[in-house]
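J.: generate a structure from the sequence data that follows.
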Amino acid sequence: MLYKSTRGESPLVPFSEVLLGGLAPDGGLYMPENFPKFSLQEIKSWSELPFYQLAHKVLYPFVEEEINETVFSDLLREAYETFDEKDVVNLHKLEENRWVLELFHGPTLAFKDVAMQLLGVLLNHFAKEKGEKIVVLGATSGDTGAAAISACSRHQNVEVYILYPHEKVTEFQRKQMTTTQSKNVFPLAVESDFDGCQNIVKQMFLDKELHNDNVRFIAANSINWARCMTQSVYFFWTYLKLPELKRNITFSIPSGNFGHAYAGWTAKEMGLPIEKLLIATNTNDVLHQTFSTNNYAKTNVVQTLAPSMDISVASNFERLLYNLYDDDSSLLAKNMRSFPERSIDIPEDKQELVSSFFKSYKSNDQEILEQIHDTYSKTRYILDPHTATGVRASDIISIDDPVITMGTAHPAKFTDAIEKAIPEYNAFIPAKVEIAFKQDEQFSILEDNYDEIKKFILTNAL
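T.: Numbers count the residues shown, from 1 in each chain. All right, here's what the predicted structure looks like:
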């Protein structure tokens, strides 16, 4: 399988170039030429497989031209050995017709570990094959950076540079990035917001000075196709664990950069019978506004109790637009060139499809706290602030329908918010994290200046 740019002005490339390439040279996002298709009978035949073998069934068509099937199976097993949960993820029933899919049993207690741990072993695999040093570049509003650092820090041919907004992530999230003591890890606190960090990373991938024969710069963010495809696996896993539903399935997804939601769309395109995706946002409601008005427009960012969703541009939404334009890259490129100065409309002939498949709801900080409190009062289950937006959306949008909410982070990562919602809450920090946090922090504070940040990275990486 080869991969193309959403904007159509870059050559077709194999999976390894997608993994190692970040943005396409024309500024677009890489997409597979087509999605593999699975019949419902075939999907149901996988019901007894352990997670890593299910991942093999779903993902191997995306990589089969470059990775031997047995090698890929071994890489998957290695990636998921780092999780505390035997099945990698865990399905927790809150009440009748309501579940939380716990995706936070990996090394950094966030859903992004599911994709990032595989990304790390794939990078190591191709670094050895190609004889290159790999530099992972990423921007984070909290969890992505920690997941990337955890996934890559143990591989000697990989360096990690993560930009995050200075003093705008939680102490827990910061320490996950700054206490590794690994010499190949560089956390960079930028005096900006997440979008400022993201813009710098995007600009770097288009900067010709970063093109080097011996060093390959790659993206850790959800714009990397490997993350989208990997996250699609637990949509399949959930469907197979709930055969009693005997119907199409609905997921509620706390959404920021739209990567997680696009993974659900990917699963649907591959044949999984998903009825709806509920897109839950916080006060930064660019996606709620998009699906409510059929218009995608940049918004202003405010700091909230759910910082991983504090964004004004959902980068992966470009992938959905590409599909909605019937893969018309020239039309997409034209619209993206004028964005965000001009908003983008969802095509009129696709509005019914979009409005029936995607529903959205936003929660402000007070509503997040109320949801955490109400869920704890009813079930004694503790939600992190991001997952709380998803549970709230499921209760308001799909009152009578069965819904699985994606549990995106362990509540221990957001104790300040939870203590506001549940005064009697005693924070429990997993032992492996508590030990790590006793290490000294190592990070650099940099101004929001592209040239200075670029100089810092090139000085250390080359």
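J.: list the contacts of the nearest residue to residue 9 once chain neighbours are set aside.
T.: Sequence neighbours aside, residue 26 is the residue nearest to residue 9 in space, at 3.7 Å (criterion: Cβ to Cβ, 6 or more residues apart in numbering). Just so you know, the C-beta spots here come from the backbone N, C-alpha and C atoms, and that holds for glycine as well. Residue 26 is in contact with 5, 7, 8, 9, 10, 333, counting by Cβ atoms under 8 Å, 6 or more residues apart in numbering.
J.: the lowest-mean-pLDDT helix or strand in the chain packs against which elements?
T.: Within the chain, confidence by mean pLDDT, DSSP states H and E is lowest for helix 431-436 among all helices and strands, at a mean of 76. Helices and strands touching helix 431-436, as assessed by 3 or more Cβ pairs under 8 Å, 6 or more residues apart in numbering; DSSP states H and E, comprise helix 171-178.
J.: and the contacts of the helix it packs on?
T.: Here helix 171-178 has contacts from 108, 140, 142-143, 145-146, 149-150, 162, 164, 185, 187, 189, 307, 412-415, 433, 436-437, 441-443, using Cβ under 8 Å, 6+ apart.
J.: sorry, back to before: which of the contacts of residue 26 lies closest to residue 229?
T.: Distance to residue 229, by Cβ to Cβ, is smallest for residue 5 among the contacts of residue 26, at 16.3 Å.
J.: mind checking how far that closest one is from residue 285?
T.: 29 Å (Cβ to Cβ, to the nearest Å).
J.: please tell me I have it right and residue 359 contacts residue 279.
T.: Yes: applying Cβ atoms under 8 Å, one finds residue 359 in contact with residue 279, separated by 7.0 Å.
J.: pLDDT below threshold where in this structure?
T.: For the chain, the stretches with pLDDT under 70 are 142.
J.: and the longest helix for it?
T.: Criterion DSSP state H: the longest helix present in the chain is helix 112-130.
J.: next SSE after that helix?
T.: For helix 112-130, the succeeding helix or strand toward the C-terminus, using DSSP states H and E, is strand 133-139.
J.: and that following strand, how far from the chain's centre?
T.: Relative to the chain's own centre, strand 133-139 is displaced by 16 Å; criterion: Cα atoms, centre = their mean, to the nearest Å.
J.: who are the packing partners of that strand?
T.: Contacts defined by 3+ Cβ pairs under 8 Å, 6+ apart place strand 133-139 against helix 112-130, helix 143-152, strand 158-165, helix 194-205, strand 215-219, helix 450-461.
J.: may I see the buried residues of the second one?
T.: I take that to be helix 143-152. 143, 144, 145, 146, 147, 148, 149, 150, 151, 152 (16 or more other Cβ atoms under 10 Å).
J.: from residue 94, how far off is the first one?
T.: According to Cβ to Cβ, residue 143 stands 22 Å off from residue 94.
J.: now do the fourth one
T.: The span separating residue 146 from residue 94 equals 27 Å under the rule Cβ to Cβ.
J.: quick one: residue 393 from residue 283, how far?
T.: For residue 393 relative to residue 283 (Cβ to Cβ), the value is 14 Å.
J.: need phi/psi at residue 405.
T.: Main-chain dihedrals, residue 405, degrees, to the nearest 10: phi -90, psi 130.
J.: I'd say it and residue 98 touch.
T.: Yes: assessed by Cβ under 8 Å, residue 405 is found in contact with residue 98 at 7.5 Å.
J.: now for the two: what residues contact both?
T.: Joint contacts of residue 405 and residue 98 (Cβ under 8 Å, 6+ apart) are 391, 394.
J.: more neighbours, these two?
T.: Taking other Cβ atoms under 10 Å, residue 405 and residue 98 do not tie; residue 405 has more neighbours (28 against 20).
J.: quick one: residues contacting the more buried one.
T.: Counting by Cβ under 8 Å, 6+ apart, residue 405 touches 98-101, 251-254, 387, 390-391, 393-394.
J.: highest neighbour count among those?
T.: residue 387 (33 neighbours).
J.: confirm for me that residue 98 is in contact with residue 403.
T.: Yes: assessed by Cβ under 8 Å, residue 98 is found in contact with residue 403 at 6.2 Å.
J.: mind listing the shared neighbours of the two?
T.: Common neighbours of residue 98 and residue 403 (Cβ under 8 Å, 6+ apart) are residue 394.
J.: quick one: the nearest residue to residue 370 once chain neighbours are set aside from residue 373, how far?
T.: Excluding the flanking residues, the one nearest residue 370 by Cβ to Cβ, 6+ apart is residue 421, at 7.6 Å. Counting by Cβ to Cβ, the gap between residue 421 and residue 373 amounts to 5 Å.
J.: more crowded one of those two?
T.: Here residue 421 and residue 373 are set side by side on neighbour count (other Cβ under 10 Å), and the busier one is residue 421, at 23 against 18.
J.: is it possible to mark the buried ones in the contacts of helix 171-178?
T.: Buried among the contacts of helix 171-178 by 16+ other Cβ under 10 Å: 108, 140, 142-143, 145-146, 149-150, 162, 164, 185, 187, 189, 307, 412-415, 433, 436, 443.
J.: for the residue nearest to residue 12 when sequence neighbours are not counted, give me its contacts.
T.: Excluding the flanking residues, the one nearest residue 12 by Cβ to Cβ, 6+ apart is residue 2, at 4.3 Å. For residue 2, the contact set (Cβ under 8 Å, 6+ apart) comprises 12, 13, 14, 32, 33.
J.: the second one and residue 3 touch, don't they?
T.: In other words, residue 13. Yes: if you go by Cβ under 8 Å, residue 13 and residue 3 touch, sitting 5.5 Å apart.
J.: tell me where the stretch 251-400 of the chain has helices.
T.: 259-270, 286-293, 317-324, 329-337, 351-357, 365-379, 385-397 (DSSP state H, counting those that start in this stretch).
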